[in-house]
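S.K.: sequence-free structure coming up:
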């Protein structure tokens, strides 16, 4: 009985962790070009590896702060998503960066204008 209660609590809490529209948006992010050893056009992330991240730039190089490695990581130009339909549904105010260990930054969804 306790196992059933714990299972139900887990399922209901994870079901409400992300709304379907946000989950769908994360799944809509695709690699815009070959990057990090991945081909163009594949799903580059989910909620687990894509996060709002702090960005810095020196005018030429853009970097994202990656908490998982406690360091800055270069954002390759090939990682920048430019699909207008995907970006028009951007649910956050900051850039969303998809980082995969051993591959680095593989997708960047820039923040909405004014974000």
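M.R.: On my side now, so go ahead. Because the structure is predicted, anything quoted here is derived from the model rather than measured.

S.K.: where does the chain dip in pLDDT?
M.R.: By pLDDT under 70, the weakly predicted segments of the chain are 1-20, 114-115.

S.K.: ok, which stretches of it are helices?
M.R.: 2-15, 20-28, 84-88 (DSSP state H).

S.K.: Next, the contact list for residue 66, please.
M.R.: 53, 72-73, 97, 99, 105 (CB atoms under 8 Å, 6 or more residues apart in numbering). Quick note: C-beta positions are derived from backbone N, CA and C, even for glycine.

S.K.: try 6 Å
M.R.: 73, 99 (CB atoms under 6 Å, 6 or more residues apart in numbering).

S.K.: Now do it against residue 99, distance only.
M.R.: 5 Å (CB to CB, to the nearest Å).

S.K.: Residue 23 too?
M.R.: Counting by CB to CB, the gap from residue 23 to residue 99 is 18 Å.

S.K.: just residue 108 next, same as before
M.R.: Between residue 108 and residue 99 the distance is 10 Å, computed by CB to CB.

S.K.: What of residue 55?
M.R.: 12 Å.

S.K.: More neighbours: those two, which one.
M.R.: Legend: neighbour count by other CB atoms under 10 Å for residue 55 and residue 99, higher for residue 99 (25 against 17).

S.K.: distance of the more buried one from residue 59?
M.R.: Taking CB to CB, one finds residue 99 at 23 Å from residue 59.

S.K.: So what's the residue count around the closest residue to residue 80 other than its chain neighbours?
M.R.: Closest residue to residue 80 apart from its sequence neighbours, by CB to CB, 6 or more residues apart in numbering: residue 108 at 5.0 Å. If you count neighbours by other CB under 10 Å, residue 108 ends up with 27.

S.K.: give me every residue that touches residue 108.
M.R.: Contacts of residue 108 (CB under 6 Å, 6+ apart): 75, 79-80, 97.

S.K.: what are the ranges of the strands in this structure?
M.R.: 50-52, 55-57, 62-66, 71-74, 96-100, 104-109 (DSSP state E).
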